[in-house]
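Asks: got a sequence here, can you model it:
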Amino acid sequence: MVSARREGDTVIVFIPGWMSEAEERRWVDEMVSRLERSEAKRRSPGRHGDEALQKRCLELSRKYLKGKATPASVRWVPPMRTRWASCTPEDRTIRISERLREVPGWVVDYVLVHELAHLLVPGHDDAFWSLVRAYPRTERAIGYLEGLSAAAGLDLVGTDGPEGAEEPAPAEAG
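Replies: Residues are numbered from 1 along each chain as shown. Model prediction:
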């Protein structure tokens, strides 16, 4: 059995000892290629800039929210201290923490769907979560973000949501 994994910037390929040098070279090339394809598939389509992030939001809105959530802008921002992302429903803006640029695409998609849902429902009530849960990997993404937060020693996971949930607007607090 041949397998490969990445450790930092290095790709490690495991090859049975009985293979010839030519077979080893062929399998190393093949496994590096497979690993790169796999990593590329997991990356968020929005990681390449704000325009790509905006485009991805519109795709996700159409697919999971019947196209009802249309942000005016979506952009990457420097790492936030207490949040993975934030949304301002009044001006329909969404900001995504740079901390998420390297996570798998399905995690970024969850965060985007979460923020898009805030354009329709500002709080974290049942109506909000029913919108978010239209995204099929919601629970898995929540777990991923909780693990990421714990591993990094961050306090970015709120009790009502995984992304360091947006706090209510001052008028709603209290």
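
Asks: verify the stated contact: residue 112 with residue 57.
Replies: Yes: using Cβ atoms under 8 Å, residue 112 is in contact with residue 57, at 5.3 Å. For glycine as for every other residue, the C-beta is placed from the backbone atoms N, C-alpha and C.

Asks: higher neighbour count, the two?
Replies: A direct count of neighbours by other Cβ atoms under 10 Å for residue 112 and residue 57 places residue 112 higher, at 27 against 24.

Asks: what residues are up against that one?
Replies: By Cβ atoms under 8 Å, 6 or more residues apart in numbering, residue 112 lies in contact with 46, 53, 56-57, 60, 74, 85, 94, 96.

Asks: so how far is residue 24 from the residue positioned nearest the centre of the chain?
Replies: The chain has residue 108 as the residue nearest its centroid, 1.8 Å off, counting by Cα atoms, centre = their mean. Residue 108 sits 36 Å away from residue 24, going by Cβ to Cβ, to the nearest Å.

Asks: and for residue 72, the neighbour number?
Replies: Using other Cβ under 10 Å, residue 72 has 11 other residues around it.

Asks: go ahead and confirm it touches residue 93.
Replies: Yes: counting by Cβ under 8 Å, residue 93 is a contact partner of residue 72 at 5.9 Å.

Asks: one step back: from the contacts of residue 112, which would you call buried?
Replies: Buried members of the contacts of residue 112, scored by 16 or more other Cβ atoms under 10 Å, are 46, 53, 56-57, 60, 74, 85, 94, 96.

Asks: same list, these, but as JSON lines with distance to residue 124 and pLDDT please.
Replies: Below are the buried ones among the contacts of residue 112 laid out as JSON lines (distance: Cβ to Cβ, whole Å; pLDDT from 0 to 100):
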{"residue": "46", "distance to residue 124": "23", "pLDDT": "61"}
{"residue": "53", "distance to residue 124": "23", "pLDDT": "91"}
{"residue": "56", "distance to residue 124": "23", "pLDDT": "92"}
{"residue": "57", "distance to residue 124": "19", "pLDDT": "94"}
{"residue": "60", "distance to residue 124": "19", "pLDDT": "96"}
{"residue": "74", "distance to residue 124": "20", "pLDDT": "94"}
{"residue": "85", "distance to residue 124": "14", "pLDDT": "94"}
{"residue": "94", "distance to residue 124": "16", "pLDDT": "96"}
{"residue": "96", "distance to residue 124": "18", "pLDDT": "94"}
